[in-house]
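Enquirer: Return a 3D structure for these sequence lines:
(one chain, ligands or ions: 1)
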Amino acid sequence: MPRARPTPYALTPAFGRILCVSAHPDDNEFLIGGSVARWAREGREVVFCLVTNGGAGTNAHTPSPAGLVPVRERETREAARILGVRELVFLGYPDGVLEPTLDLRRDLTRVIRRRRPDVVVCGDPTQRWFGREYLNHPDHRAAASAALDAVFPSAETNAIFPELLDEGLPPHKVRQVLLAATTEPDTWVDIGDTLATKVAALRAHASQVGAGEWVEPLLRGWAERDGKRAGVRHAEAFKRFDLNGT
Ligand SMILES: [Zn+2]
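Expert: Next up, the predicted model:
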């Protein structure tokens with residue numbers, strides 16, 4: 001019997017708060033911008049947490065990234081405005097040398113306990129490479145690994161990072177996790193109505209994409225590839241965890 005085609009996934013209406021954790025200022029725009037724009041249009045509160053400062057995004061500012069960091073912050077604010085993101089959290093770690101340390105796990109646990117998201121979106125820390133063309137950036141793996149460890153067990157457990165209780169931040173249980181940029185997708189979000197918004201948001205990162213003529217065909221190609229799996233024209237793909245069966 002042929003396997004049924006997966007249908008596009010609609011986030012449950014009960015999930016009103018979404019936290020997206022990324023290593024670099026433009027990662028969300030490349031990977032999940034269509035879904036983010038859709039969720040924002042649906043009235044959900046989306047927060048971006050950017051772990052590094054993006055200072056290693058080009059070689060134009062070597063050896064000091066000082067000139068690039070404020071440019072990237074400005075671009076990130078504009079992209080977030082285009083997507084409808086409610087709030088940005090900049091953790092400010094140096095770009096390119098990120099490790100999944102306990103300090104980073106604590107920082108992300110603090111962000112989760114403050115914003116109390118229903119859903120956390122991050123990368124897939126197990127992805128060492130994609131095909132024969134791309135060795136996954138170590139910052140992507142580090143940020144994703146620390147984010148998952150923050151979701152479980154740190155965010156929901158009193159005894160882990162007790163100093164956060166002293167900061168007035170009680171435990172919080174995240175209900176769902178969505179991993180982007182995975183080779184094991186099982187969940188597809190229809191972005192037919194928001195692909196153009198995603199393109200505009202990524203093009204706001206001019207220090208990274210230049211004039212950005214290639215952005216639209218690249219993102220459209222990815223969206224068509226992922227859309228085929230779910231029977232829609234354009235989609236973004238995720239691996240989903242429903243924590244505690246919710
Ligand atoms: Zn990146």
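Enquirer: Quick check: nearest residue in space to the residue of the chain found nearest the ion, chain neighbours excluded?
Expert: Ranking the residues of the chain by distance to the ion (Cβ to the ion) places residue 24 first, at 3.5 Å. For every residue, glycine as well, the C-beta is placed using N, CA and C. In this structure, residue 24 finds its nearest non-sequential neighbour in residue 54, 5.5 Å apart by Cβ to Cβ, 6 or more residues apart in numbering.
Enquirer: And for residue 150?
Expert: Closest to residue 150 by Cβ to Cβ, 6+ apart is residue 108, at 3.8 Å.
Enquirer: what number of residues lie near that neighbour?
Expert: Residue 108: 28 surrounding residues under other Cβ atoms under 10 Å.
Enquirer: again with the one 10 residues further on
Expert: If you count neighbours by other Cβ under 10 Å, residue 118 ends up with 20.
Enquirer: And residue 80, by the same measure?
Expert: Residues lying near residue 80 (other Cβ under 10 Å) number 24.
Enquirer: what residues are up against the residue of the chain closest to the ion?
Expert: With contact set as Cβ atoms under 8 Å, 6 or more residues apart in numbering, residue 24 has these partners: 50, 51, 52, 54, 57, 95, 137, 139, 140.
Enquirer: Now it: phi and psi?
Expert: Dihedral pair for residue 24: phi -120, psi 160, per degrees, to the nearest 10.
Enquirer: Find me the pLDDT at it, would you?
Expert: With respect to pLDDT, residue 24 scores 97.
Enquirer: go on, residue 56?
Expert: Per-residue pLDDT puts residue 56 at 89.
Enquirer: So it: helix, strand or coil?
Expert: Following DSSP: H, G, I helix; E, B strand; the rest coil, residue 56 is assigned to coil.
Enquirer: thought it was touching residue 96?
Expert: Yes - using Cβ atoms under 8 Å, residue 56 is in contact with residue 96, at 3.9 Å.
Enquirer: How much space separates the residue nearest to residue 24 from residue 110?
Expert: Distance, residue 54 to residue 110, using Cβ to Cβ, to the nearest Å: 21 Å.
Enquirer: Please apply the same query to residue 11.
Expert: 25 Å.
Enquirer: Same question for residue 26.
Expert: 24 Å.
Enquirer: Likewise for residue 214?
Expert: 38 Å.
Enquirer: for residue 55, same thing?
Expert: Computed as Cβ to Cβ, the residue 55 to residue 110 distance reads 22 Å.
Enquirer: So between those two, which is more surrounded?
Expert: residue 55 (23 against 20).
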